[in-house]
Every structure is written in structure tokens, then in C-alpha cells.
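> Okay, sequence plus prediction incoming.
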Amino acid sequence: MFGNGRNGRNGAEANDGAGDGAVIALAGVRKVYDTGAVKVEALRRVDLAIKPNEFVAIVGPSGSGKSTLMNIIGCLDTATEGSYRLRGEEVAGMSIDRLADIRNQRIGFVFQNFNLLPQLTAYENVEMPLLFKGAPARARRERVESLFEQVGLTDRMQHRPVELSGGQMQRVAIARALACEPDIILADEPTGNLDSRNAETVFGVFARLAREQGRTIVMVTHDVDFARRADRQIRLRDGRIVEDTLHGPVPASRA
Ligand SMILES: Nc1ncnc2c1ncn2[C@@H]1O[C@H](COP(=O)(O)OP(=O)(O)OP(=O)(O)O)[C@@H](O)[C@H]1O
Ligand SMILES: [Mg+2]
């Protein structure tokens, strides 16, 4: 299903991250939300290096800082203190335009609630980022069709989100996240609203993206089994990393 992956990508990435080959490198990252009356220290000195090609699961109780960490990694929010280097480049020094480019072109986001536009077809949802990017019509069509093939939904391209199952909607959202060929996919509880069968399909898609296409996947999950099957599990508690376990190669499915 992912046979047309991007060959040679891993070798290229290894040269282009931080000195240690990390694509994502946080050092001493703190995040304090200041709402006026109270200050919440959501992240307390987080050090984290993620290599290209890694499939990382982030786990931890509600309020432990998982989404805060994802927002910082995705350049949707900035750290209060500390350093975040993305492919070796300090994010704090980047211009607003550069940050927007990174968010649009280099990072794909997948959310628990899919965030598809309900008035558009599945096809149009996936095409949207390519329209924003100014891709020509033919390139758009070829890319969108190949993405639907990759997520196994070629026969649902003309459906609207309301006509799709949760698992199908999430696969459309993954296709959309992949539209601009991002190196990094960030998924915040992508299986949180799915039944176990659909969750398994979506997990399998992420595992293959890491294994066969060399993308970096960071996924927040409450599912203990998925976290164990990712190749690395990071546990947050009260804004700190309290566990960082390597599991080895990612099994895409139990079969
Ligand atoms: N925008 C905000 N303003 C103020 N406080 C916030 C904000 N976002 C998050 N927080 C606080 O920061 C802490 C971490 O929140 P975060 O959303 O990162 O947790 P989480 O691990 O993703 O939890 P969940 O599993 O419930 O999604 C919480 O105490 C939360 O109340
Ligand atoms: Mg969260």
C-alpha cells in the first residue's frame, strides 16, 4: 500500500538534523501558561531528541502536558524557556513567515476530531493544502489520487465526511496531512474517537508511514497497546518526562 515511498529519504535526513541526527531536539523546554490569575507550568524542563524515522508514542495522564508538547513541536506555540531545534535550526529565531511555511509544508497534523471541512468532499479536503500551495491542477489530481490509494480509500473520494465512518474520516485526515510531503506527522490522540477495529487500521497507517516512508511520527495516545507497539514510548507526568522506553522496530500489524 506504501510501495511508492520516497527512496533515499532516510540517508538525506540523517545529514540534515542536529549534530546527533535528531530531527526534533528540545533542551530544557518549559511552558508556563499565564492566564492572569494563575500560572500553570505545563512543561518543566523537557529534554527530548527524536530521530528521523522514529515512531514515538507520547502517553501520560490528562493534564500532564502532552498536547502542550505537541503544540511546541508543531510550531503552533512557543516555549517559555529552553531551546527547540527543528532539523538543527532554532525555532525561537524564526520569522513568522518561516514558521508558517514549516507548519504548512514540513509538518502534517492529525487531530482526534479529524477536523475535516464538512461541506467539502473527501477529495476536496485532501486537495486543499495543495491549492494553498499553488500546485497546478494535474499535479494536484495525481497527488490526491495517490494519497487516497495509500490510505486505501480510493472508492470514497467523492463522499462527504458525514458519509464516512470515523476510521475513514481519520484516514482522509491523514491523507490531507501528507499532501505536502511533510517529514514529520504529529497526531494528538488520532484513535481517541475510533472503535478498536478502526483504531487498528489508523495505527497501521502510521506504522507504515514510519517504516516504509521514513517519516517521523509523534502520536499522543491513551491506548496502552498502541504505545507499546510504537518503537518508542515517552511518558509525561506533571510536565516532566518520567519514562522513555525503546521498543525496537514497529510492527505495522499483528498479522
Ligand atoms: N491555553 C492554556 N491556558 C492555560 N492553561 C493551559 C492551556 N492549555 C493547557 N493548559 C494547562 O496545561 C496543563 C497541560 O495541558 P495539556 O493540554 O498539555 O495536557 P494533556 O496531557 O494534553 O491532557 P489531555 O490528556 O487531557 O489532553 C493542564 O494543567 C492544562 O490545564
Ligand atoms: Mg491533550
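Structure's in. What do you need? Numbering: from 1, shown residues only. Ligands and ions are numbered 1, 2, ... in the order given.

> Any chance you could list what contacts the helix or strand harbouring D47?
Under the criterion of DSSP states H and E, D47 resides in strand 39-50. Contacts to strand 39-50, defined as CB atoms under 8 Å, 6 or more residues apart in numbering, come from residues 18, 20, 22-33, 56, 65, 68-69, 72, 79, 82, 216, 218, 234, 238-241. Placement of C-beta: from N, CA and C, glycine included.

> mind redoing it with 6 Å?
By CB atoms under 6 Å, 6 or more residues apart in numbering, the surrounding residues in contact with strand 39-50 are 22, 24-33, 56, 65, 68, 239-241.

> Is there any residue in the helix or strand hosting V110 that contacts ligand 1?
Using DSSP H and E, V110 sits in strand 107-111. No. Using CB under 6 Å from any ligand atom, strand 107-111 stays clear of ligand 1, with a minimum separation of 11.4 Å.

> Give me the sheet partners of that strand and which way each runs.
Here strand 107-111 is paired, per DSSP bridges, with strand 184-188 (parallel).

> on that earlier part again, return only those of the contacts of strand 39-50 found close to ligand 1.
Among the contacts of strand 39-50, ligand 1 is touched by 33, 65, 68 when using CB under 6 Å from any ligand atom.

> For this structure, which residues are neighbours of ligand 2?
Residues of the chain lying close to ligand 2 (CB under 5 Å from the ion) are 66-67.

> where do the strands sit along the chain?
Remark: strands assigned in the chain by DSSP state E are 24-34, 39-50, 55-59, 81-86, 89-90, 107-111, 184-188, 216-220, 232-237, 240-246.

> With mean pLDDT as added columns, please give these in a markdown table.
What follows is these, written out as a markdown table (pLDDT from 0 to 100):
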| stretch | mean pLDDT |
| --- | --- |
| strand 24-34 | 97 |
| strand 39-50 | 97 |
| strand 55-59 | 97 |
| strand 81-86 | 96 |
| strand 89-90 | 94 |
| strand 107-111 | 96 |
| strand 184-188 | 97 |
| strand 216-220 | 97 |
| strand 232-237 | 98 |
| strand 240-246 | 97 |
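
> what's near enough to touch the most centrally placed residue in the chain?
In the chain, the residue lying closest to the centroid (CA atoms, centre = their mean) is L186, at 1.6 Å. Going by CB under 6 Å, 6+ apart, L186 touches 70, 74, 109, 218.

> Bridge partners for it, pull those for me.
F109, V218.

> Excluding its own residues, what touches stretch 115-123? List them.
The contact list for stretch 115-123, computed with CB under 6 Å, 6+ apart, reads 125, 144, 156-161, 169, 172.

> Of those residues, keep whichever come out buried.
125, 144, 156-157, 159, 161, 169, 172 (16 or more other CB atoms under 10 Å).

> what's the closest of the residues you listed to R87?
The nearest member of the buried ones among the contacts of stretch 115-123 to R87, counting by CB to CB, is V144 at 27.0 Å.

> If we only consider the contacts of stretch 115-123, which is nearest to ligand 1?
M169 (19.9 Å; CB to the nearest ligand atom).
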